[in-house]
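Novice: Fold the following and give me the result.
(4 chains)
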Protein chains: 4
Amino acid sequence: MSSLYHECIELLKNRNVSLYDIAECVLLLQKPYYDDLTIEQCEEAVESTIRKREVQHAIITGINIDMACEEKKFYSKSIEEKILEDYSLYGVDEVLAYGICNLYGSIALTNFGYIDKTKPGIIGELNNDKKQCNTFLDDIVGAIAAAAASRLAHRK
Amino acid sequence: MSSLYHECIELLKNRNVSLYDIAECVLLLQKPYYDDLTIEQCEEAVESTIRKREVQHAIITGINIDMACEEKKFYSKSIEEKILEDYSLYGVDEVLAYGICNLYGSIALTNFGYIDKTKPGIIGELNNDKKQCNTFLDDIVGAIAAAAASRLAHRK
Amino acid sequence: MSSLYHECIELLKNRNVSLYDIAECVLLLQKPYYDDLTIEQCEEAVESTIRKREVQHAIITGINIDMACEEKKFYSKSIEEKILEDYSLYGVDEVLAYGICNLYGSIALTNFGYIDKTKPGIIGELNNDKKQCNTFLDDIVGAIAAAAASRLAHRK
Amino acid sequence: MSSLYHECIELLKNRNVSLYDIAECVLLLQKPYYDDLTIEQCEEAVESTIRKREVQHAIITGINIDMACEEKKFYSKSIEEKILEDYSLYGVDEVLAYGICNLYGSIALTNFGYIDKTKPGIIGELNNDKKQCNTFLDDIVGAIAAAAASRLAHRK
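Specialist: Residues are numbered from 1 along each chain as shown, chains lettered A, B, ... in the order given. Predicted structure coming up:
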């Protein structure tokens, strides 16, 4: 397995997100359609999603933007402030998330929209967390969950 | 106003969808964010969305696919059947809907995902209607509502 | 292999497109980057692309729209005429093609844009063919080629 | 006009891109279709594109990523190095660019793919420039040109 994969897992952990947290979102999304879906199957689907190179690039880039803003390292303070406050009309974080979802087709996009509005589990926690900047992270986590759910739907 | 605009309004009406029905979905989506939003403002936003050429093309094409399948005019019965039963893994209807949402940015895409899962108002009615094929229509109506809601959000 | 796969191959053949034709486009796109790329590898990449369910749905739906318009089966003559003349501002055919490309990431989208402008090989032939309606077909073939090229780039 | 608009113009200038440079790309793209298109009309279309909030956010975010990497401010050196060398399989820069193009429909996406492969004018200069990191910037400039060209096509 590539070292970028392990870097993603580490980076997510440093920002307080475990694969299990993401798997819980997947279970929530897909449970209504498969009675016997297990958390283990969801975790496998999450791992498989993070094994894709384009997903890895999006994860690491997004988290690095959050961190750079937290540490006030962006040149343009206007955009740094919008990212830090998670300004509702700033949509570049969603654009990055769609870059992940698009790889998994239309079911992934629909799932993402639903997650983004309802903010289940870890997504809601990230959204309410005031200790770090999660503007890109919560959308990336939502996109991974939506993509993994779509993968399960297509492989049933 | 272009004749394609009027054709869209007529075609939607023939398939039992009024601008007011779509405006109600918009109100539902945006009311939580603006206390004083009126149904008239929502209807204006819907009209403005339908004035875009790419939206008009998507509306007319989608409804014509539904109608052609209803009348068993498609050459490939495999896909005609999937469209007629609104097969959950058939996603071309959502792809067409995203073609509308994309023009209105990331808020529109998120709204669409939410509408598509929760099926408020007219979307739910179309989804349950057994008298005609609404496979493309319900996604198109959802996309128009999501786009109009995004337009209102950006213009607040 | 699913019967939808074979249906796609048959349908493409009926519309005068072979896997070899599409593989030639892929070779043209990727040859500058890999000296030793063979037409066989390109054909395998094309086959693998057509094995994806969402790609199959897009292929069959797009070709059926072309055929329905050819046979004057669409209810709305306004849109039927635009499809028959391949009207330059009608973009639903490209929207369907992007539904394929998106599954293969950003390289696929860029490749598609290039193919769509330069119209190499079979794409140019389809575009100049006056005997049948290829409005959706030429974009679908371009999207399959772009997707297969992206697959090769990612697996090098 | 919003202050974000002026910030975009300034930021582009600081990175050696003028509105005139982008307008030249637009002229190149659209000239084959309109004999009498002027550079002034192209420049107006570029200005109008940059007046959209979502475009402004993408411009400022993208350039700030380039600058943060240049100044070695990213936490993850793996992704910083990929961005600094403009690694061909890193696609987040194109994802951001598509966020701009999508707002202008399918013609904009096709134009972008073509520009990204052929690298006319300023795009080629940015691509060959070794003095600063232009990984996100060249795609953003390409996307603005593609969007402006699409705007002209739709308004003819």
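Novice: sec struct for the nearest residue to A:Ile79 once chain neighbours are set aside, please.
Specialist: Residue nearest to A:Ile79 in three dimensions, not counting chain neighbours: D:Ile60, with 4.4 Å by CB to CB, 6 or more residues apart in numbering or on different chains. C-betas here are computed from N, CA, C, even on glycine. Under DSSP: H, G, I helix; E, B strand; the rest coil, the three-state class of D:Ile60 is helix.
Novice: How about A:Lys72?
Specialist: coil.
Novice: quick one, what contacts the nearest residue to it once chain neighbours are set aside?
Specialist: With CB to CB, 6+ apart as the criterion, A:Lys72 has its nearest non-adjacent residue at 6.7 Å, and that residue is A:Glu80. When contacts are counted by CB atoms under 8 Å, 6 or more residues apart in numbering or on different chains, A:Glu80 touches A:69, A:72, A:74, D:64.
Novice: Tell me if stretch A:37-54 is near chain D.
Specialist: Yes - using CB under 8 Å from any CB of the partner chain, stretch A:37-54 reaches chain D at A:53-54.
Novice: buried residues in that stretch?
Specialist: Buried residues in stretch A:37-54, defined by neighbour count with 16 or more other CB atoms under 10 Å in any protein chain shown: A:37, A:41-47, A:49-50, A:52, A:54.
Novice: follow-up on the earlier one: the residue nearest to A:Ile79 contacts A:Ser78, correct?
Specialist: Yes - applying CB atoms under 8 Å, one finds D:Ile60 in contact with A:Ser78, separated by 6.8 Å.
Novice: more crowded one of those two?
Specialist: Shown here are D:Ile60 and A:Ser78; by other CB atoms under 10 Å in any protein chain shown, D:Ile60 has more neighbours (24 against 15).
Novice: sorry, back to before: if I look at the residue nearest to A:Lys72, how far off is B:Ala147?
Specialist: Computed as CB to CB, to the nearest Å, the A:Glu80 to B:Ala147 distance reads 30 Å.
Novice: which residues does A:Ile123 contact?
Specialist: Each residue near A:Ile123 by CB under 8 Å, 6+ apart is listed here: A:25, A:115-116, A:138, A:141-142, A:145.
Novice: Recalculate using a threshold of 6 Å.
Specialist: By CB atoms under 6 Å, 6 or more residues apart in numbering or on different chains, the contact list for A:Ile123 reads A:138, A:142.
Novice: Phi and psi next, for it.
Specialist: Note on A:Ile123: its backbone torsions stand at phi -60, psi -40 [degrees, to the nearest 10].
Novice: which bits of chain A sit near chain C?
Specialist: Within chain A, the positions adjacent to chain C are A:54, A:102, A:105 by CB under 6 Å from any CB of the partner chain.
Novice: Identify the residue nearest the second one in space, chain neighbours excluded?
Specialist: Translated: A:Asn102. Excluding its sequence neighbours, the residue lying closest to A:Asn102 (CB to CB, 6+ apart) is C:Asn102, at 3.9 Å.
Novice: Would you mind measuring from that neighbour to B:Ile50?
Specialist: Using CB to CB, C:Asn102 is found at 25 Å from B:Ile50.
Novice: and after the helix or strand hosting A:Glu24, which helix or strand comes next?
Specialist: Element membership for A:Glu24 (DSSP states H and E) is helix A:19-30. On the C-terminal side of helix A:19-30, the nearest following helix or strand under DSSP H and E is helix A:39-50.
Novice: what packs against that next one?
Specialist: helix A:19-30, helix A:135-155 (3 or more CB pairs under 6 Å, 6 or more residues apart in numbering or on different chains; DSSP states H and E).
Novice: Tell me who's in contact with the residue most central in space within chain A.
Specialist: Nearest to the mean C-alpha position of chain A, counting by CA atoms, centre = their mean, stands A:Val141 at 1.5 Å. Neighbour list for A:Val141: A:17, A:22 [criterion: CB under 6 Å, 6+ apart].
Novice: secondary structure class for the residue in chain A positioned nearest to chain B?
Specialist: Proximity of chain A to chain B (CB to the nearest CB) peaks at A:Gly113, 1.4 Å away. Of the three states, A:Gly113 takes helix under three-state DSSP.
Novice: and if you look at A:Lys130?
Specialist: Secondary structure for A:Lys130, judged by three-state DSSP, is coil.
Novice: count of neighbours near it?
Specialist: 6.
Novice: which bits of chain A sit near chain B?
Specialist: Within chain A, the positions adjacent to chain B are A:91, A:94-95, A:105-106, A:110, A:112-114, A:116-117 by CB under 6 Å from any CB.
Novice: Any of these buried? List them.
Specialist: Burial by neighbour count, 16+ other CB under 10 Å: within the residues of chain A next to chain B this picks out A:91, A:94-95, A:105-106, A:110, A:112-114, A:116.
Novice: As CSV, those with pLDDT and distance to chain D would be great.
Specialist: Shown next, in CSV, are these (pLDDT from 0 to 100; distance: CB to the nearest CB, whole Å):
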residue, pLDDT, distance to chain D
A:Gly91, 96, 6
A:Glu94, 97, 9
A:Val95, 97, 4
A:Gly105, 95, 16
A:Ser106, 93, 15
A:Thr110, 95, 17
A:Phe112, 97, 14
A:Gly113, 95, 15
A:Tyr114, 95, 20
A:Asp116, 94, 16
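Novice: What's the local residue count around the residue in chain A that chain C sits nearest to?
Specialist: Nearest residue of chain A to chain C: A:Asn102, at 3.9 Å (CB to the nearest CB). Residues lying near A:Asn102 (other CB under 10 Å) number 27.
Novice: repeat for A:Gln132
Specialist: A:Gln132, neighbours per other CB under 10 Å, totals 13.
Novice: what does A:Tyr33 give?
Specialist: Neighbours around A:Tyr33, by other CB under 10 Å: 12.
Novice: Please tell me how far the nearest residue to it once chain neighbours are set aside sits from B:Leu89.
Specialist: Counting by CB to CB, 6+ apart, A:Tyr33 lies nearest to A:Ala153, which is 6.9 Å off, once chain neighbours are set aside. Applying CB to CB, the value for A:Ala153 to B:Leu89 is 7 Å.
Novice: Compare these two (neighbour count), which wins?
Specialist: The neighbour comparison of A:Ala153 against B:Leu89 (other CB under 10 Å) goes to A:Ala153, with 20 against 15.
Novice: Thanks a lot, see you next time.
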